[in-house]
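Enquirer: Mind folding the following:
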Amino acid sequence: MSVTLTPELESLIRDRVDSGHFTSANDVVRDALRLVEATEHQRATLRAALAIAEHQIERGQVSEWTPELHADIMRRAKAAANSGAHPKPDVCPQAS
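Expert: The predicted structure is shown next:
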């Protein structure tokens, strides 16, 4: 396979290799493609969650966001954490 890159992209790849973060241009491209796949997976997961939420809204399965609701959620999360429970990865921010 042959790919034509803009000079800017070539420079970006070269900079990544020269910085020592990658050993070759192929490694840069492989990592970039992995990130594309991960992003597409995250988008699909989010779209599915939004579809579920839309159906819940249509059925009236919603709660008004209030300071009391927030406090209750935080209290239950702290209690779960104190008992050793771990949150699901899909509700945790991704480390950058």
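Enquirer: Grab the longest helix from the chain for me.
Expert: Counting by DSSP state H, the longest helix found in the chain is helix 25-58.
Enquirer: Averaged pLDDT, the helix or strand that that helix is followed by. What do you get?
Expert: Per DSSP states H and E, helix 25-58 leads on to helix 67-82 as the next helix or strand towards the C-terminus. The average pLDDT within helix 67-82 is 93.
Enquirer: How far off centre is helix 67-82?
Expert: 23 Å (CA atoms, centre = their mean, to the nearest Å).
Enquirer: which residues touch it?
Expert: Here helix 67-82 makes contact (CB atoms under 8 Å, 6 or more residues apart in numbering) with Ser63, Pro87. All C-beta atoms are positioned from the backbone trio N, CA, C, and that covers glycine.
Enquirer: Show me what the longest helix of the chain is packed up against.
Expert: In terms of contacts (3 or more CB pairs under 8 Å, 6 or more residues apart in numbering; DSSP states H and E), helix 25-58 is packed against helix 7-18.
Enquirer: So which bits of the helix it packs on are buried?
Expert: Within helix 7-18, the residues that qualify as buried are Ile13, Arg16, counting by 16 or more other CB atoms under 10 Å.
Enquirer: That helix versus helix 25-58: what angle between them?
Expert: Computed by axes from the mean of the first three to the mean of the last three CA atoms, to 10 degrees, the angle separating helix 7-18 from helix 25-58 equals 110 degrees.
Enquirer: Return the alpha-carbon coordinates of helix 7-18 using PDB.
Expert: Taking Å, rounded to 0.1, in the frame of the first residue of the first chain, the C-alpha atoms of helix 7-18 are listed here in PDB:
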ATOM      1  CA  PRO A   7       4.400  17.900   4.000                       C
ATOM      2  CA  GLU A   8       2.800  18.900   7.300                       C
ATOM      3  CA  LEU A   9       1.900  15.300   8.100                       C
ATOM      4  CA  GLU A  10       5.300  14.000   7.100                       C
ATOM      5  CA  SER A  11       6.900  16.600   9.300                       C
ATOM      6  CA  LEU A  12       4.600  15.600  12.200                       C
ATOM      7  CA  ILE A  13       5.500  12.000  11.800                       C
ATOM      8  CA  ARG A  14       9.200  12.800  11.600                       C
ATOM      9  CA  ASP A  15       9.000  15.000  14.700                       C
ATOM     10  CA  ARG A  16       7.400  12.100  16.600                       C
ATOM     11  CA  VAL A  17      10.100   9.700  15.600                       C
ATOM     12  CA  ASP A  18      12.900  12.300  16.300                       C
END
